[in-house]
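Here is a sequence together with a model predicted from it:
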Amino acid sequence: MPTETSLQDAALVKAGAGSPATAAVGEPHAFLVGGGIASLAAAAFLIRDGDMPGCNITILEELDRIGGSLDAAGSADAGYSLRGGRMFESKYLCTFDLFSSIPTLDDSQTVTQETFAWNETMKTSSKSRLFRDGKRQTAPKFGLSEAHILTIERLALEPEVFLGDTRISDQFDAEFFTTDFWFMWCTTFAFQPWHSAVEFKRYLVRFAHMVDGFDRLKGIMRTVFNQYDSMVRPLMKWLKDRGVSVQYNTRVTDLSFHEGERDFRVTGIDCEVSGLAERIVLADDDLVMVTLGSMTGASSLGDMNTPPQLLGKSVGGAWTLWENLAAGRPEFGRPEAFTDHIDQSKWVSFTITLHDPTFLRIVGDLTGNVPGEGGLITFADSGWLASIVIPYQPHFIDQPDGVSVLWGYGLSVDALGDFVRKPMSACTGAEIMTEILGQLRIKAEAAGILETSICRSCMMPFITSQFLPREAGDRPKVIPKGSRNLAFMGQFCELPDDVVFTVEYSIRSAQVGVYALLDLKLAPPPVYQGKFDPRVLYRAFRALHDIPA
């Protein structure tokens with residue numbers, strides 16, 4: 001049986017390095033499950049907009065670090081590692097609303113101000129969005145037929161209920177998936193033909209204003225450093241300065257409830273703290289916000305000599321928690337829709353640490369872009385459907401001079417490579433680098449580049465699970481029916497109109513949840529609706545038909 005922890009004791013949890021926090025007794029407390037961007041955003045909204053003292057907020061995190069999927073780790077000597085990087089654009093209204101209140105680490109400006117100023121300096125303008133036969137393709141044409149365009153227009157207008165759980169491949173003919181539009185679209189957003197037609201539709205509508213610059217990645221924004229250094233660290237500093245506590249090594253396993261005739265309230269949180277079972281007992285006015293699922297759950301790292309392993313949902317507690325919560329509660333969603341199809345949601349990413357400038361020099365000559373300017377480079381004919389992106393250097397705050405970092409991934413991880421005749425999922429870091437060098441047709445310098453580089457790969461079995469075909473109810477509402485003090489956050493709750501696999505979605509869910517639980521007379525900024533702007537529609541129409549601007 002778990003030991004019961006009083007409210008006062010539960011609030012005395014590790015804050016950062018383990019110093020105790022002092023919680024106000026008799027006031028509402030908030031317990032946030034998961035240490036990703038959704039929980040960090042929720043804590044900030046509770047403080048900024050809900051006037052909750054930071055010392056009354058506790059984040060319960062299973063790992064020994066904060067940040068969730070916005071991670072960045074390693075060193076120049078051991079090799080850096082990023083599981084991924086989310087794209088940004090100017091219409092992420094909730095994200096920039098939040099970070100307009102968060103100072104940068106040097107307190108010189110807000111994170112929002114820094115990000116917009118940086119993207120005025122380093123505007124994305126790809127000169128090699130696709131790469132074939134060792135040659136760049138600048139502003140490739142979409143190559144869509146009239147039938148394809150009509151289908152895109154139909155999907156943009158058709159109500160989601162009519163699409164149901166159909167796949168993208170149910171809506172288009174096979175030729176669509178050979179067009180350059182598809183190669184650019186699927187690698188920018190990580191879609192597969194078997195993914196949800198509803199999610200594809202949402203992306204079409206959500207990013208309609210970006211279609212006309214899609215061939216050059218116009219409008220894509222980036223942070224100065226990786227997203228952990230540029231966003232998570234400033235936000236966490238702001239929260240710690242206000243007394244927010246983080247209890248690390250705490251796996252939440254279940255919640256207990258008091259059931260009323262028409263509503264329910266969470267009364268306790270069951271968890272394992274450093275392997276020991278405990279229960280946090282809640283007062284009537286306490287709040288609980290849970291990040292459901294994990295797109296980077298069960299990740300496994302490889303190195304130069306070892307491929308990553310394919311793990312399952314039993315590794316880590318996020319999926320198990322959702323399964324426990326949803327058992328007998330259909331209003332809490334159906335996690336099996338997202339967990340039981342790993343072969344349709346997995347892919348491999350990799351981070352390369354370079355100790356010699358040769359690679360970047362050659363790629364700069366091949367692509368016509370300097371680091372940070374070009375964005376994603378996709379090897380459209382590669383068996384792995386691999387892509388790389390070379391950010392502005394340094395990409396890590398502690399990155400020393402003379403060291404560079406780049407990131408990449410492959411969507412077809414079970415297909416054979418063209419230069420390494422193995423599935424990407426079975427390849428070591430050295431073999432992944434060999435394949436990328438081959439796609440770039442780098443031969444004479446290849447051995448030297450390999451000798452001075454470190455490639456760390458990462459298998460992520462659930463990375464695009466949120467794109468899997470789904471039905472209404474598979475994702476629960478942010479505030480489930482009848483809830484008095486429980487909200488869901490993250491990538492696996494339902495937010496009409498917005499799109500998953502974005503930082504914006506996680507932050508929006510947190511903002512919706514906080515405002516509803518506190519009954520604030522506030523609302524998040526509405527999702528940008530470019531589909532109602534005739535100028536946006538006109539430019540998208542011309543782009544889809546490959547008509548020059």
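That came through fine.

In this structure, where is pLDDT below threshold?
1-25 (pLDDT under 70).

Walk me through the domains of this structure.
Domain assignment for the chain, taken from automatic domain parsing, gives 3-70+228-298+314-334+471-517, 140-218, 347-460.

nearest to F96, of those?
domain 3-70+228-298+314-334+471-517 (9.1 Å; Cβ to Cβ). Where you see a C-beta, it was placed from the backbone N, CA and C, and this is true even at glycine.

Quick one: distance of the closest one to the chain centre.
Centroid separation between domain 3-70+228-298+314-334+471-517 and its chain, computed with Cα atoms, centre = their mean, to the nearest Å, is 18 Å.

now the domains of the chain in JSON lines, with mean neighbour count?
Listed next are the domains of the chain as JSON lines, based on neighbours: other Cβ atoms under 10 Å:
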{"stretch": "domain 3-70+228-298+314-334+471-517", "mean neighbour count": "20"}
{"stretch": "domain 140-218", "mean neighbour count": "18"}
{"stretch": "domain 347-460", "mean neighbour count": "20"}
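
Could I get those in JSON lines, plus columns for distance to F532?
Output for the domains of the chain, formatted as JSON lines (distance: least, Cβ to Cβ, whole Å):
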{"stretch": "domain 3-70+228-298+314-334+471-517", "distance to F532": "12"}
{"stretch": "domain 140-218", "distance to F532": "10"}
{"stretch": "domain 347-460", "distance to F532": "28"}
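
Quick one, which of these gets closest to H545.
So among the domains of the chain, domain 140-218 is nearest, using Cβ to Cβ, at 6.7 Å.

Please verify my assumption that K201 contacts V161.
No. K201 lies out of contact with V161 (Cβ atoms under 8 Å); the separation is 11.6 Å.

Helix or strand for S509, just tell me which one.
Per DSSP states H and E: S509 is located in helix 503-517.

other SSEs contacting that helix?
In terms of contacts (3 or more Cβ pairs under 8 Å, 6 or more residues apart in numbering; DSSP states H and E), helix 503-517 is packed against helix 37-48, helix 93-99, strand 287-291, strand 486-489.

With respect to S196, which of the ones you listed lies nearest?
Closest approach to S196 among the helices and strands packed on helix 503-517 is made by strand 486-489 (19.3 Å; Cβ to Cβ).

Which other helices and strands does the closest one contact?
helix 37-48, strand 264-273, strand 287-291, helix 503-517.

Turn those into a markdown table, columns for distance to S425.
What follows is the helices and strands packed on strand 486-489, written out as a markdown table (distance: least, Cβ to Cβ, whole Å):
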| stretch | distance to S425 |
| --- | --- |
| helix 37-48 | 28 |
| strand 264-273 | 31 |
| strand 287-291 | 27 |
| helix 503-517 | 27 |
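
which one of those lies closest to G530?
If you check each of these against G530 by Cβ to Cβ, helix 503-517 wins as the nearest, at 14.5 Å.

what's the angle from the closest one to strand 287-291?
160 degrees (axes from the mean of the first three to the mean of the last three Cα atoms, to 10 degrees).

Quick check: what element follows helix 503-517 along the chain?
The helix or strand immediately downstream of helix 503-517 is helix 534-544, counting by DSSP H and E.

dump the residue contacts of the closest residue to E160 other than its chain neighbours.
Closest residue to E160 apart from its sequence neighbours, by Cβ to Cβ, 6 or more residues apart in numbering: V198 at 5.0 Å. If you count contacts by Cβ atoms under 8 Å, 6 or more residues apart in numbering, V198 has them with 160, 163-164, 166, 470.

As CSV, those with secondary structure and distance to T124 would be great.
Shown next, in CSV, are the contacts of V198 (DSSP: H, G, I helix; E, B strand; the rest coil; distance: Cβ to Cβ, whole Å):
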residue, secondary structure, distance to T124
E160, helix, 31
L163, helix, 31
G164, coil, 36
T166, coil, 33
R470, coil, 31
